[in-house]
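A.B. asks: Kindly return the folded structure for what I paste below:
(chains A, B, C and D)
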Number of protein chains: 2
Amino acid sequence: MSVTGGRNLEVNRASFEPAYHQLREIIRRQIASGELRLGDRIPPENELAQRYQLSRMTVRRALEDLVEAGILVPKRGLGTFVARRLVDAGTVRIDDFSEEMRRRGIPAECKLLGVRIMPADGNVATRLRIDAGSAVMLLLRLLLVEGEPVGIDRKYLLYDRSSRILESELEHPSLPDLVERETSGLLGRASITVKACSASQEDAGYLGCAAGEPVLVVEQTLYLSDGRSAGYGKTVYRGDKHYLTAEIDPLGIRDRDGGQAEMAGILQRRG
Amino acid sequence: MSVTGGRNLEVNRASFEPAYHQLREIIRRQIASGELRLGDRIPPENELAQRYQLSRMTVRRALEDLVEAGILVPKRGLGTFVARRLVDAGTVRIDDFSEEMRRRGIPAECKLLGVRIMPADGNVATRLRIDAGSAVMLLLRLLLVEGEPVGIDRKYLLYDRSSRILESELEHPSLPDLVERETSGLLGRASITVKACSASQEDAGYLGCAAGEPVLVVEQTLYLSDGRSAGYGKTVYRGDKHYLTAEIDPLGIRDRDGGQAEMAGILQRRG
DNA sequence: TAGTGGTCTAGACCACCGG
DNA sequence: CGGTGGTCTAGACCACTAT
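C.D. replies: Residues are numbered from 1 along each chain as shown, chains lettered A, B, ... in the order given. Model (predicted):
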């Protein structure tokens, strides 16, 4: 209680928690509590080093994480400032259905309806950059929650007759999984789109709804490093049964529990 | 041409480009070219330091960026490895319409249709965690591309009669913009959902389509650090005229032009 | 000019992991 | 055990910014 007047404002060098973790959380708490306000300049790195008895490199390591998270904004020659905007836009993570449901804690199943070798139609051929009619492999899966279909998933791969797909590996395949198993070459780039459409007659049949009902469509195309396409996936979700969601919480306010800094993980991925 | 046989494999200390930038790009190029393959172990940090005549801390600074991007995976006691999976899921950035169109390079307009003080209906009241019927402020904007409406945007704010909204500031407001202007307090957390719905009669009128047509709905709720809600935005896009999209390109393969490492920016945000 | 962040060094000790 | 990455130090020089 000597210097600024708060608690938890010193770095405990005896702790197993790295010093830069501790300093990072101290600063984060100072922002969350209002002790540091949006747009404020924080003390210079040298001052923080003196204040907390750390080397400047260690102080920088602490600030680095907060800068990466968009919470601090360094300005050369001027100082480091608390961002004026902690929450701006957001990002929605696109996972394969099984993964997403696991993340959300919702019990879900995937039912493999079939694996077929078939000629590519126009859309698939365009996506895979092959001639229409070329042989492609299709994996068709029904996505269910509580036994009710919520989505129908199609994954198309360039057909290579030398490959052997193991049935046992098809339970929860993500598109990258499949492509990596089927293709030699570096999987380097991907493209994603999310849109709203009307359910086709065929999809409505799978989904147990009427044709024309709104569906959420997530498409993913994967490319190899040489520019070739490697795989195309299209997942069609019933609009009334599935949605995408994300939480943005840069200061870890939701998870605050007064305990030690176990919320450090929040910084690791911005999502 | 003394050591490993490629070009561009030395760090030029006379360059203005930081050494860690150069080493990072060397390693990235080695992965993109196949010289380093997925799952490979890269040389230990001490070896890289010797090889490129850098200190170990500088080597670590170079690797740090690649680890953050998910391209390298360090394992304590074992070494640092090229990730087996460079492209897994992806993230779709959710921007305000104007921002998103600017990013995509599509000319677009926003037309403010009105600002109203009105009682909150059930949905809005729930989102803002207030009683139904409480006064809220609504900003209604029509989103257009080439003069055609593609979306209708509603932003709801807790109404504070002490505030003065300037008409001139309402052209391209994002929800965080508005909330910050209207609310005192730290804007600390946000929640986003993306779903497919049928156009309501009212929205169909704005969008120039039939009621029941599929629409893409993006909802955003902002919270203050004390847990109160601060703003709720709902943007309804014509399903046939607007979609969300993202490109994932961890190795910068799309942008490679053979020139110097001007593609460094790719690492800065995973998006 | 003085102060700031950006980069870099040449060490150090540690925890972890395989053999 | 030896090698690896994780952390940390106490300096250094630089480019940038404001005054």
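
A.B. asks: I figured A:Ala199 hits A:Val217, correct?
C.D. replies: No: using CB atoms under 8 Å as the test, A:Ala199 is too far from A:Val217 to be in contact (9.7 Å). In this view, the C-beta of every residue, glycine as well, is placed from N, C-alpha and C.

A.B. asks: Find the residues that touch each one of those two.
C.D. replies: Common neighbours of A:Ala199 and A:Val217 (criterion: CB atoms under 8 Å, 6 or more residues apart in numbering or on different chains): A:Val236.

A.B. asks: Okay, now the unreliable bits of chain A?
C.D. replies: Of all residues in chain A, those with pLDDT under 70 make up the ranges A:1-8, A:161-172, A:254-271.

A.B. asks: Now do the helices in it.
C.D. replies: Secondary structure of chain A by DSSP state H: the helices cover A:19-32, A:45-52, A:56-68, A:97-104, A:122-128, A:175-182, A:201-207.

A.B. asks: Quick check: which of these is nearest to DNA strand C?
C.D. replies: helix A:45-52 (3.8 Å; CB to the nearest atom of the strand).

A.B. asks: Nearest spatial neighbour of A:Pro43, chain-adjacent residues omitted?
C.D. replies: Take A:Pro43 and drop its neighbours on the chain: the residue closest to it by CB to CB, 6 or more residues apart in numbering or on different chains is A:Arg51, 6.9 Å away.

A.B. asks: So that neighbour sits against A:Ile42, correct?
C.D. replies: No: contact between A:Arg51 and A:Ile42 fails when scored by CB under 8 Å: they sit 11.0 Å apart.

A.B. asks: who has more neighbours, the two?
C.D. replies: A:Ile42 (19 against 16; other CB atoms under 10 Å in any protein chain shown).

A.B. asks: so how far is DNA strand D from the residue nearest to A:Pro43?
C.D. replies: Using CB to the nearest atom of the strand, to the nearest Å, we find A:Arg51 at a distance of 12 Å from DNA strand D.

A.B. asks: Next: A:Arg13.
C.D. replies: 7 Å.

A.B. asks: so that residue makes contact with A:Ala19?
C.D. replies: Yes: with contact defined as CB under 8 Å, A:Arg13 reaches A:Ala19; the gap is 6.6 Å.

A.B. asks: Mind checking which of the two has more residues around it?
C.D. replies: A:Ala19 (19 against 10).

A.B. asks: ok, that one - contacts?
C.D. replies: Contacts of A:Ala19 by CB under 8 Å, 6+ apart are A:Val11, A:Arg13, A:Tyr52, A:Leu54, A:Thr58, A:Ala62.

A.B. asks: neighbours of A:Ile117, just the number please.
C.D. replies: Neighbourhood size, A:Ile117 [other CB under 10 Å]: 10.

A.B. asks: Who are the contact partners of it?
C.D. replies: Taking CB under 8 Å, 6+ apart as the test, what A:Ile117 contacts is A:Ala135, A:Val136, A:Met137, A:Leu138, A:Tyr159.

A.B. asks: coming back round to it: turn the helices of chain A into TSV, columns for distance to DNA strand C.
C.D. replies: Shown next, in TSV, are these (distance: least, CB to the nearest atom of the strand, whole Å):
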stretch	distance to DNA strand C
helix A:19-32	12
helix A:45-52	4
helix A:56-68	5
helix A:97-104	24
helix A:122-128	39
helix A:175-182	23
helix A:201-207	44
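
A.B. asks: At the geometric centre of chain A, which residue do we find?
C.D. replies: A:Arg93 (3.6 Å; CA atoms, centre = their mean).

A.B. asks: Quick one: residues contacting that one.
C.D. replies: A:Glu100, A:Ala246, A:Gly271, B:Ala89, B:Gly90, B:Thr91.

A.B. asks: Contacts only, for A:Gly231.
C.D. replies: Applying CB under 8 Å, 6+ apart, the residues near A:Gly231 are A:128, A:155-158, A:175-176, A:178-179, A:182-183, A:221-222.

A.B. asks: go with 10 Å
C.D. replies: By CB atoms under 10 Å, 6 or more residues apart in numbering or on different chains, A:Gly231 lies in contact with A:127-128, A:136-137, A:155-158, A:175-180, A:182-183, A:187, A:190, A:220-224.

A.B. asks: Name the nearest residue to it, ignoring sequence neighbours.
C.D. replies: A:Val179 is the one closest to A:Gly231 (CB to CB, 6+ apart), at 4.1 Å.

A.B. asks: Make sure the one you found is actually in contact with A:Asp160.
C.D. replies: No: A:Val179 lies out of contact with A:Asp160 (CB atoms under 10 Å); the separation is 11.0 Å.

A.B. asks: Which one of the two is surrounded by more residues?
C.D. replies: A:Val179 (25 against 11).
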